[in-house]
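J.: Here you go, sequence then predicted model.
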Amino acid sequence: MPSSTSLPKRRPGRVALSAVFAATALTGALALTGLDGEPAASAASAAAAAPAPPALSSASRADRWKATPVPVKKGDLTAIAALSDKQAWAVGYRLKSATALEAVALRWDGTSWTQESTLPENSFPQALTVRSATDIWTVGSASVHWDGTEWTTHQLDRDPGGRVVPDAVTTTSDGKAWTVGRAMDRSVKDGVPAVQSWDGKSWHRQTLPDVGKGELTSVTAVAPDDIWAAGAAYATDATSRQTALLLHWNGSSWKRVTAPGPQDSHNWLGGITAFAADDIWAVGGSTSGSTERPLAVHWNGTAWAEAKTPNVADGRLRAVGKAGNGALWAVGGKGAAPVALRWNGGAGRWETASAPGIVVRSFATVPKSADLWAAGIAGQGDLVPAITRLTG
């Protein structure tokens, strides 16, 4: 969260199930997860500037977003990831009573969603990465791993900044896992960015450059020695601005890289995904006064540059991914007003597309498929879990 002198935090989807659970510090983030050591969106290296496939009309795209029934009547679904059109996972919560919930993992078999398991108590899953059906990580208030049979909780390393709250997780081809978030001493506004790596036995805190107060909300890996994390550095006083934050791992150390964005605005990044070492997108939002609009930036292997986005009200972006047909999507929104953008490579800009129609918590592409998934809660009703699918 930002300091008291900056804007209210533009979180990438951190919404409590209800006020009664505020004390449990549900702290999720929406990050496109890594699959098989690569970004879930795609392992393709097509340049972002390449022309996108012909755009569909808004009406035809809207007709193709379809709700898929889920075996949770009341609760929240916070993260989703896919290995194929017949293998996908989602995690979240089932509300058991006014004061109790249980963490659940759902699995898609190509036809329907079923509950595969429950997670350990107090794990509160918020982000998900799937390397295989027997190697899944989810993080939230705890770090837990699925080996195909059971979930095991693994304690995060201690951090001098305070309690570590992970917001995103990914894996790399060498078998490691990486989680990013923030370390808090007394309160959220005192948080500082935090990164930890899993070596197969335990989590280890990473030394980061001093960026002041802030947080990391998303992480993506090109290779074990090429990892990017994105988030926000909070405003330091009433006259300063919150800025987008980008950190890079080169195999030996983390360094801060300057992130572009409007100079007269409060900026933040909520999602980042790498398609190649010279093709990385990060998305978030930018606020000036009471006006909020989408923010998207691209790395071409040499420098980050801001990309043109439409002026969408409450158009904060939470995740970005590339479908199997080459279409590049960014998804987000505020509350029950979801937003979806599609990249028009020929015109060099992002354009509005039909949105999933739910309160979006998480978004995922499907390897070797043009399909898209979005998970969260229904726009109407009281905490009705929802997963919707766009069939390419």
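T.: That came through, no problem. Numbers count the residues shown, from 1 in each chain.

J.: How much space separates the residue located most distally from the centre of the chain from G285?
T.: Distance to the chain centre peaks in the chain at T239, reaching 29.5 Å (criterion: Cα atoms, centre = their mean). Distance, T239 to G285, by Cβ to Cβ, to the nearest Å: 21 Å. (C-beta placed from N, C-alpha, C; glycine too.)

J.: So, low pLDDT: which residues of the stretch 151-300 of the chain?
T.: Applying pLDDT under 70 to the stretch 151-300 of the chain picks out no residues at all.

J.: for it, what spans make up the helices?
T.: In the stretch 151-300 of the chain, no helices are defined using DSSP state H, counting those that start in this stretch.

J.: Going along the chain, name the strands of it.
T.: Secondary structure of the stretch 151-300 of the chain (DSSP state E, counting those that start in this stretch): strands located at 151-154, 163-171, 177-184, 192-198, 203-205, 214-223, 226-233, 243-249, 254-257, 266-276, 279-288, 291-299.

J.: roughly how far out does the shortest one sit from the chain middle?
T.: How far strand 203-205 lies from its chain's middle: 21 Å, per Cα atoms, centre = their mean, to the nearest Å.

J.: Could you do stretch 123-137 as well?
T.: Distance, stretch centre to chain centre, for stretch 123-137: 13 Å (Cα atoms, centre = their mean).

J.: With only the CA atoms kept, save it in PDB.
T.: The C-alpha coordinates for stretch 123-137 follow below in PDB (Å, rounded to 0.1, in the frame of the first residue of the first chain):
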ATOM      1  CA  SER A 123      -2.700 -20.600   3.500                       C
ATOM      2  CA  PHE A 124      -5.000 -18.100   1.900                       C
ATOM      3  CA  PRO A 125      -3.800 -18.700  -1.700                       C
ATOM      4  CA  GLN A 126      -3.500 -15.500  -3.900                       C
ATOM      5  CA  ALA A 127      -1.100 -16.400  -6.700                       C
ATOM      6  CA  LEU A 128      -0.400 -19.600  -8.600                       C
ATOM      7  CA  THR A 129       2.300 -21.100 -10.800                       C
ATOM      8  CA  VAL A 130       2.100 -24.600 -12.400                       C
ATOM      9  CA  ARG A 131       5.100 -26.400 -13.800                       C
ATOM     10  CA  SER A 132       3.300 -29.700 -14.100                       C
ATOM     11  CA  ALA A 133       0.400 -31.600 -12.500                       C
ATOM     12  CA  THR A 134       2.800 -32.700  -9.800                       C
ATOM     13  CA  ASP A 135       4.600 -29.400  -9.200                       C
ATOM     14  CA  ILE A 136       2.400 -26.500  -8.300                       C
ATOM     15  CA  TRP A 137       3.200 -23.500  -6.000                       C
END
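
J.: which residues does the residue farthest from the centre of the chain contact?
T.: Residues near T239 by Cβ atoms under 8 Å, 6 or more residues apart in numbering: none.

J.: what about the residue nearest to V139 when sequence neighbours are not counted, how many residues close to it?
T.: In space, V139 comes closest to P166 once its chain neighbours are excluded; the distance is 3.9 Å by Cβ to Cβ, 6 or more residues apart in numbering. Counted by other Cβ atoms under 10 Å, the residues lying close to P166 total 29.

J.: From here on, call the first residue 26.
T.: In the new numbering, first residue 26, that becomes P191.

J.: do you know how far P191 is from R230?
T.: Counting by Cβ to Cβ - P191 and R230 are separated by 12 Å.

J.: Residues that sit against both of these two, list them.
T.: Residues touching both P191 and R230 (Cβ under 8 Å, 6+ apart) are A219, Q221.

J.: how about the helices in the stretch 26-175 of the chain?
T.: Taking DSSP H, counting those that start in this stretch as the criterion, the stretch 26-175 of the chain carries its helices at 83-89.

J.: Any stretches of it with poor pLDDT?
T.: 26-88.

J.: mind listing the strands for it?
T.: Counting by DSSP E, counting those that start in this stretch, one finds strands in the stretch 26-175 of the chain at the ranges 59-60, 63-64, 90-93, 100-109, 112-120, 126-133, 138-143, 150-157, 160-165, 168-171.

J.: would you turn those into CSV with mean neighbour count and distance to T390?
T.: Below are the strands of the stretch 26-175 of the chain laid out as CSV (neighbours: other Cβ atoms under 10 Å; distance: least, Cβ to Cβ, whole Å):
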stretch, mean neighbour count, distance to T390
strand 59-60, 28, 10
strand 63-64, 25, 9
strand 90-93, 15, 14
strand 100-109, 25, 7
strand 112-120, 25, 11
strand 126-133, 21, 14
strand 138-143, 15, 18
strand 150-157, 26, 13
strand 160-165, 26, 17
strand 168-171, 21, 21
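
J.: residues in contact with V116?
T.: L102, T103, A104, A128, V129, A130, L131, L144, P150, L153, T163 are the contacts of V116 under Cβ under 8 Å, 6+ apart.

J.: right, so of the strands of the stretch 176-325 of the chain, which gets closest to S122?
T.: Nearest to S122, of all these, is strand 176-179, at 22.4 Å by Cβ to Cβ.

J.: need the contact list for the residue nearest to V164.
T.: Residues near P191 by Cβ under 8 Å, 6+ apart: Q151, A152, V164, G165, S168, L181, T204, V205, G206, A219, Q221.
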